[in-house]
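Asker: Just a sequence and a predicted model for now, questions to come.
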Amino acid sequence: MQIRISWPAGHLTATLDDTPTAQALTKALPLASTARTWGEEVYFDTGVSVPRETGAQQVVDPGTVAFWTDGDALALPYGPTPISRGAECRLASPCNVLGHIDGDLRLLATVRDGDPVRVELVAE
């Protein structure tokens, strides 16, 4: 499954694995939200509520598409957050891993706190 994430300064696509959380998210698409930034992470509310999966992780690779179950939010880390140790991407708490950003994840640096964000399914 592939999704497109758009904001005023650009857009990216991401490929999602077939997980219960990814299925719940894609059923809710398209969705519009407001971007928040936390260090080098963009996150935003999805209106989707799912439980934390067994393989949830707090430290992930840059470009991971994660779902923060504590905030019903999609989390897109591309570098260190305020609680990272060194250059790692450390999320606020363990998150369900959904997939990875395709292409240049540094484009996420152009997202500003408060930007409108749209997420939609890419037609196959």
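Answerer: Ah, there it is. Only a predicted model underlies this, so the values are computations on that prediction, with no experimental measurement involved.

Asker: Give the other helices and strands that the strand ranked longest in the chain contacts.
Answerer: Counting residues, the longest strand found in the chain (DSSP state E) is strand 89-102. The contact analysis (3 or more CB pairs under 8 Å, 6 or more residues apart in numbering; DSSP states H and E) places strand 89-102 against strand 10-16, helix 20-27, strand 57-60, strand 64-68, strand 73-77. From N, CA and C alone the C-beta is placed, and that goes for glycine too.

Asker: number of nearby residues for the spatially closest residue to residue 89 that is not a sequence neighbour?
Answerer: In this structure, residue 89 finds its nearest non-sequential neighbour in residue 77, 3.8 Å apart by CB to CB, 6 or more residues apart in numbering. For residue 77, the count of nearby residues is 29 (other CB atoms under 10 Å).

Asker: Isn't residue 77 up against residue 66?
Answerer: Yes: between residue 77 and residue 66 there is a contact under CB atoms under 8 Å: 7.0 Å.

Asker: I'd guessed residue 121 sits against residue 28; true?
Answerer: No: assessed by CB under 8 Å, residue 121 is found out of contact with residue 28, at 10.1 Å.

Asker: more neighbours, these two?
Answerer: Set residue 121 next to residue 28 and count neighbours by other CB under 10 Å: residue 121 wins out with 15 against 11.

Asker: what is the more buried one paired to in the beta sheet?
Answerer: Judged by DSSP bridges, the bridge partners of residue 121 are residue 3.

Asker: that older thread, looking at the helices and strands packed on strand 89-102, which is closest to residue 51?
Answerer: Of all the helices and strands packed on strand 89-102, helix 20-27 sits nearest to residue 51, with 8.5 Å by CB to CB.

Asker: hmm, who's touching the closest one?
Answerer: By CB atoms under 8 Å, 6 or more residues apart in numbering, the residues outside helix 20-27 that reach it are 1, 3, 16, 46, 48, 50, 53, 67, 74, 96, 98-99, 121.
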